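Asker: next come a sequence and a model predicted from it.
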Amino acid sequence: MASNYSPKYFNINFPQEYVAHVEINRPNQLNAFFEAMWLELGQLFAQLSTDPAVRAIVISGAGTKAFTAGLDVKAASQGLLSSDSKASDPARKAVHLRREVGSFQDCVSSIEKCEKPVIVAMHGFSLGLAIDLSSAADVRFCAKDTRFAVKEVDIGLAADVGTLSRLPKIVGNYGWVKDVALSARLFGAEEALSVGFVSRVFETKEEAVKGAIELAALIASKSPVAVQGTKELLNWSRDHTVQDGLRYTAVWNSAALQTSDVQSALLSGIQKRKPTFEKL
């Protein structure tokens, strides 16, 4: 399975059955992202999404200093943030920029759209894009040394690839989100835990990654039909009314309830054995 993956800017390994561990691999630059990394991230998660040998995914960052320091500003100033354009008309420049921003949004959204649950284990500096990436994931863990910031206003931008849309729905507190997004101030692991941005804080990066892999392995032991359906229905219901969520769930489960996984799970409980499920 591992031979099917050959990313340039990420390490990928399979520490448990059905679990993929994706590691951002640019530690000398604090795992900061430039355009090729964004695009590779989107391609990688599109591939993981449909891989029947993967049921849960962990994301972490290489090195000791940072999960990711966010955007590589130097590279961005020569690319996305550059005012250089062949078009002289402002409207045409705007269309070009809108397409680029939309492309980068799609790369980050590939984590949320991935059919498999994604768990992020953060440490050290987790700035800017780190919030975008982790907000698109399903579960967020961190080490107690993690320093977060919605950093974009410090480089003259409004965050535009997910944080401002997803973070308020995660923490349910617009006042706190405006506090950190408007000021770009640092906040730590305990504050992130207190507002519900992360669900667990670990002593070290190693423990956070281990905890994420253990949770991923537990999730991967469940019915993939049930797990993937649960992610889909939770994300749908977050963005719709309760009645819409109930109706979509009924339609979804009218197909999913026909799976043999239900019988396998019920019988394993009665027979006190670990169930096994076909690949999906």
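Answerer: Cool, the structure landed. All figures in this text were calculated on a predicted structure; none of them were measured in a lab.

Asker: walk me through the domains of this protein.
Answerer: 10-221, 224-271 (the TED database).

Asker: and the last one, end to end?
Answerer: When you say that, I think you mean domain 224-271. 21 Å (CA to CA, to the nearest Å).

Asker: so which of the domains of the chain gets nearest residue 279?
Answerer: Nearest to residue 279, of all the domains of the chain, is domain 10-221, at 3.9 Å by CB to CB. Bear in mind the C-beta positions are built from the backbone N, C-alpha and C, glycine included.

Asker: what is the mean pLDDT for the closest one?
Answerer: For domain 10-221, mean pLDDT is 93.

Asker: please begin residue numbering at 715 from this point
Answerer: OK, 715 is where the count begins now, so the last one is domain 724-935.

Asker: so where do the strands sit in the stretch 815-964 of the chain?
Answerer: Ranges of strands in the stretch 815-964 of the chain, per DSSP state E, counting those that start in this stretch, are 832-836, 839-841, 853-857, 861-863, 901-902, 914-916.

Asker: tell me the most buried of the ones you listed?
Answerer: Mean neighbour count (mean count of other CB atoms under 10 Å) peaks for strand 832-836 among those, with a mean of 29.

Asker: just checking, what packs against it?
Answerer: Where contact means 3 or more CB pairs under 8 Å, 6 or more residues apart in numbering; DSSP states H and E, strand 832-836 is packed against strand 770-775, strand 780-782, helix 843-850, strand 853-857, helix 919-934.

Asker: how big is the angle separating the last one from strand 832-836?
Answerer: The directions of helix 919-934 and strand 832-836 differ by 170 degrees, with axes from the mean of the first three to the mean of the last three CA atoms, to 10 degrees as the criterion.

Asker: same thing with the fourth one?
Answerer: Per the same axes, to 10 degrees, the angle that strand 853-857 makes with strand 832-836 is 20 degrees.
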